[in-house]
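> Pasted the sequence and its predicted model underneath.
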Amino acid sequence: MRIKLYICIPFLLIFCNLYSQPKTVQAVKITNAPKIDGNLNDAAWENITPLTDFIQNYPSAGKPASRQTKVKIMYDDDAIYVGAYLYDDPLLIRKQITARDEESRKDVDYFSVFFDTYKDRQNGFQFVVTSANVQSDARLSPNDGTGFGNYGDKTWDAVWESKVQMQKDGWTVEMKIPYISLRFAKKELQNWGLQFQRQIRRTNENCFWNPVDPNVNGFVNQFGDLLALKDLQPPLRLSFAPYVSTGYRSSPEVNGYSTNWLRSGGMDVKYGINESFTIDATLIPDFGQVISDNVINNLSPFEVQFNENRQFFTEGTEIFNKAGLFYSRRIGAIPSKYNSVKNFVANNTDWEIKKNPSTVQLYNATKFSGRTKGKLGIGIFNAVTAPMHAKLQNSNLAKDSTIETEPLANYNIIVLDQALKGRSYLTFTNTNVLRNGNARDANVSAFDFNLYDNRNLFNVKGTARYSKIFGVNPYDGFNTTLRAGKVSGKWQYYLQGNIESENYDPRDLAFLPAPNEVVSTSSISFNQFTPTKNFLSYNYRLTTKYGELYKPSAYSDFQVNLSGFWLLKNFWDVSTKIGFFTNQHDYFVLGNPATYQRFVKRPSYGYVGISGSTDSRKKLYANYDLLFSEFFNSAPNKYYHRLSGGVRYRFTNRFTLDLSHTHETETDYIIAAGRELNGEPIIAFVDFKDVTSILSGIYNFTSRINLTLRARHYLSRLNFNRFANVDVKGEPIAKSGSTTYDNVNIFNLDAFLTWDFRLGSRLIVGYKNWLGDNEVVNINGKNNYIRNLGSIFDLRHGNEITVRFIYFIDYNKLRKKNN
């Protein structure tokens, strides 16, 4: 026994030392840059010491990588160069061609390099090259998750070079990352955080040069170090991306079709003021070629949040949203009086709409951001939107009228983000919106802190925010949050409190479903990150949440949830959850609870759910998510089901199709249905059934040319069972009323042919098809989903085809060429 102990102790010490001491490498500066062709036979690589001994992070954390990897790194006055030799059997290397930034969970091997250029252990850059020479890149920040191989914000796109070559004993990759794509402090001698990653897809092995312990919270804080970068003299960071676009749109209207020739032109400019700070500007942008929103029939009293698909507002914006106060869809949204104009014309038949723009035109937008050598991040954002006008014509008076649907507006954000020792930081954020004339203005100021102990085991974070609305009826409000817990190790837990006053309103530039709440949350989890006899990993979590209104101070809801996750040895995963909601006092369905202090009592219920997916390496991949809530239900004949699933089939390394389907149904769901003449609220009990089908696919002609398609059909059927008034205890009082039916269909088709014909330059041909807003499928005899889907193609659709040409111009290359 004693002998065994003596043998184990040295290995234990080695293992602990492996995770505690970051690896280091001395930077080597060269005078002659290598040719980027994927072969590592240039003279520049000969005297560079290779970095080896990669360690697994998954599935067997802490064990040596199963395949040898050798990486070399060097630099000159223009760029960082990385060369990697990834040893393997060439016949076993996975080589699926993917779209840019889409390598995660695809059948392809890849190699990554990460830089923490300020060495603040919080922020960084990632550059990825797949075995098919497809590039990905990302900006890393403290708030980013690391699920399924995603380590940062992949909407950020940089301009850099890479080449891949297959060898007899593996594959090689060569990368040139110019300083125009990085930001760093101005110092004579610099030390950067450095990390390399290799993904071997056939075994799902994920390994790193510097070990990454899954038991430790954070990712950038587990980088190694690149030491002694001397006298970096990057060139002027100035680039232009002018664009021109044209197209044709045909839209169904009440009395036929409206047609428009589309034409636009503008430019994106990126200017590096110095090594640390950059200005990004877009002039007269055109955001027509974006994926259509997942519009739904919203029955709740809360706003629906949509994804941001416009590139300028997705890339490089992580610092502006560190406080969660930047919902960029506010900029260029639907004009505030757009629906008012439509409703006016619908109720006044002698008026006709000649023009009613559905989006606000953006004049320009600018982002200024960077970080000082003292690790102070500074971000300044500004956007100016045009005033929008609707044009109406009166058939009796034979005259036109113009209505301003949105005033000229100026949106601003200022952020100061101080990185502290370890992973801690302090952040100040101010947002303000200024509108022309008497329209409302808004201002929000926020202070956020996030503090970790020296061992990165415990964390305390919080917020303090103040909002002010200016205008005819000014008001103000506040929000505070405090959270403390254990964030590393197998056992993790936290306690959190959140208070939002009744008039807290950041929604001119942020997203908030509703203010006026006091919520206490607690959570404890057990996490097994390393393989056991039966599982690769698993975790269990118990969460409770107690909610009240801030004004009036009253009970709102209580819920408890128990969940589990298991990753099986065959890389299938299963998740389950069970939970219970007590009687909910819904104050929001009847209006603003601060002014109308009445609630509707929703029944208590229990629920159970199961979800999971198969091995994503296979040609056929499937996922499912089932939720049932008809247990311990306090209301008769009340239930809720959500059934969703999807399949993905990889026909070849170039062609993949995905099909997903979701069926959601609930009986006796309570919605607002207006008010009586005396102001008493009316509610309706409805049965709804929402069905969503999405077909998407991609065909990659090459690593730089692909065709993508996405078709979405959404059907919402609504059956009004009965109506009621509400007493002071939230109970329904039966009310007479006729039952009605509603049938909502939404259909969108988006297809894009994209050709990245040179670094940073792109040609895109887009096609869109959509069901007209006023087109309705008659539900009589059409209750079958398939027949309903077929019927929508008999209705009128809108069509749009566009062509967009973007050309990237690097000022330095242009100057060298002219010289």
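Perfect, thanks for sending it. Numbers count the residues shown, from 1 in each chain.
> just the helices in the protein please.
Applying DSSP state H to the chain gives helices spanning 2-20, 311-314, 338-347, 785-792, 811-818.
> among those, where is the model least confident on average?
Confidence, taken as mean pLDDT, is least for helix 2-20 of the helices of the chain (a mean of 44).
> pLDDT weak spots in the stretch 101-250 of the chain?
Residues of the stretch 101-250 of the chain that meet the criterion pLDDT under 70 lie in 144-148.
> where along it do the strands fall?
110-116, 124-130, 135-140, 161-167, 170-178, 189-200, 205-208, 224-230, 237-253 (DSSP state E, counting those that start in this stretch).
> Mind checking those for the one nearest to A464?
Among the strands of the stretch 101-250 of the chain, strand 135-140 comes nearest to A464, with 26.4 Å by C-beta to C-beta. Heads up, the C-betas are built off the backbone N, CA and C, glycines and all.
> Can I get that closest one in CSV, CA atoms only?
Extracted C-alpha coordinates of strand 135-140, given in CSV (Å, rounded to 0.1, in the frame of the first residue of the first chain):
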residue,chain,number,x,y,z
GLN,A,135,-11.7,30.2,-42.1
SER,A,136,-13.4,31.2,-38.8
ASP,A,137,-12.6,33.9,-36.4
ALA,A,138,-14.0,35.3,-33.2
ARG,A,139,-13.6,38.0,-30.5
LEU,A,140,-13.4,36.6,-27.0
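> That strand vs strand 124-130, what angle?
In terms of direction (axes from the mean of the first three to the mean of the last three C-alpha atoms, to 10 degrees), strand 135-140 departs from strand 124-130 by 160 degrees.
> So which elements touch strand 135-140?
strand 110-116, strand 124-130 (3 or more C-beta pairs under 8 Å, 6 or more residues apart in numbering; DSSP states H and E).
> Compute the inter-axis angle for the first one and strand 170-178.
This points to strand 110-116. Using the same axes, to 10 degrees: strand 110-116 against strand 170-178 is 30 degrees.
> if we can go back for a sec, right, and the strands of the stretch 101-250 of the chain - which one's nearest A79?
Of the strands of the stretch 101-250 of the chain, the one closest to A79 (C-beta to C-beta) turns out to be strand 170-178, at 4.4 Å.
> Going by contacts, tell me the helices and strands next to the closest one.
When contacts are defined as 3+ C-beta pairs under 8 Å, 6+ apart, strand 170-178 packs onto strand 79-87, strand 110-116, strand 124-130, strand 161-167.
> In TSV, list those strands along with mean neighbour count and distance to F240.
Shown next, in TSV, are these (neighbours: other C-beta atoms under 10 Å; distance: least, C-beta to C-beta, whole Å):
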stretch	mean neighbour count	distance to F240
strand 79-87	22	20
strand 110-116	24	25
strand 124-130	25	22
strand 161-167	17	19
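> In JSON lines: those strands, plus distance to L763.
JSON lines is the format used below for those (distance: least, C-beta to C-beta, whole Å):
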{"stretch": "strand 79-87", "distance to L763": "26"}
{"stretch": "strand 110-116", "distance to L763": "26"}
{"stretch": "strand 124-130", "distance to L763": "22"}
{"stretch": "strand 161-167", "distance to L763": "20"}
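> wait, which of the ones you listed is closest to N396?
strand 124-130 (63.8 Å).
> the inter-axis angle of the closest one versus strand 189-200?
Using the same axes, to 10 degrees: strand 124-130 against strand 189-200 is 40 degrees.
> Identify the residues contacting strand 124-130?
The contact list for strand 124-130 (C-beta atoms under 8 Å, 6 or more residues apart in numbering) reads 82, 95, 98, 103, 108-117, 135-140, 151-152, 158, 160, 162, 164, 173, 175, 177, 181-182, 193, 220, 223.
> Note down every partner strand of it and its orientation.
Applying DSSP bridges, strand 124-130 is found paired with strand 110-116 (antiparallel), strand 135-140 (antiparallel).
> and for the longest one, what are the contacting residues?
Judged by C-beta under 8 Å, 6+ apart, the contacts made with strand 110-116 from elsewhere in the structure are 73, 80, 82, 84, 86, 103, 122-131, 136, 140, 151, 173, 175, 177, 182, 192-199, 220, 223, 226.
> Contact partners for the nearest residue to V82 once chain neighbours are set aside?
Setting aside the residues directly before and after it, V82 is nearest to M175 in space (C-beta to C-beta, 6 or more residues apart in numbering), at 4.3 Å. M175 sits next to I36, Y81, V82, G83, V113, F127, V129, W160, E161, S162 when contact means C-beta under 8 Å, 6+ apart.
> do the same with I694
With C-beta under 8 Å, 6+ apart, I694 has these contacts: D658, L659, S660, H661, R710, A711, R712, H713.
> does it have beta-bridge partners, and which?
Where I694 sits in a bridge, its partners, by DSSP bridges, are S660, R712.
> what do you get for G370?
F277, I378.
> For it, grab the count of nearby residues.
21 (other C-beta atoms under 10 Å).
> ditto for R815
Neighbours of R815 (other C-beta under 10 Å): 12.
> just so I know, which of the helices and strands packed on strand 135-140 lies nearest Y475?
Here strand 124-130 is closest among those (C-beta to C-beta), at 41.0 Å.
> what angle separates the closest one from strand 79-87?
50 degrees.
> Point to the residue nearest the middle of this structure.
N307 (7.0 Å; C-alpha atoms, centre = their mean).
> what residues are up against that one?
Here N307 is in contact with D293, N294 (C-beta under 8 Å, 6+ apart).
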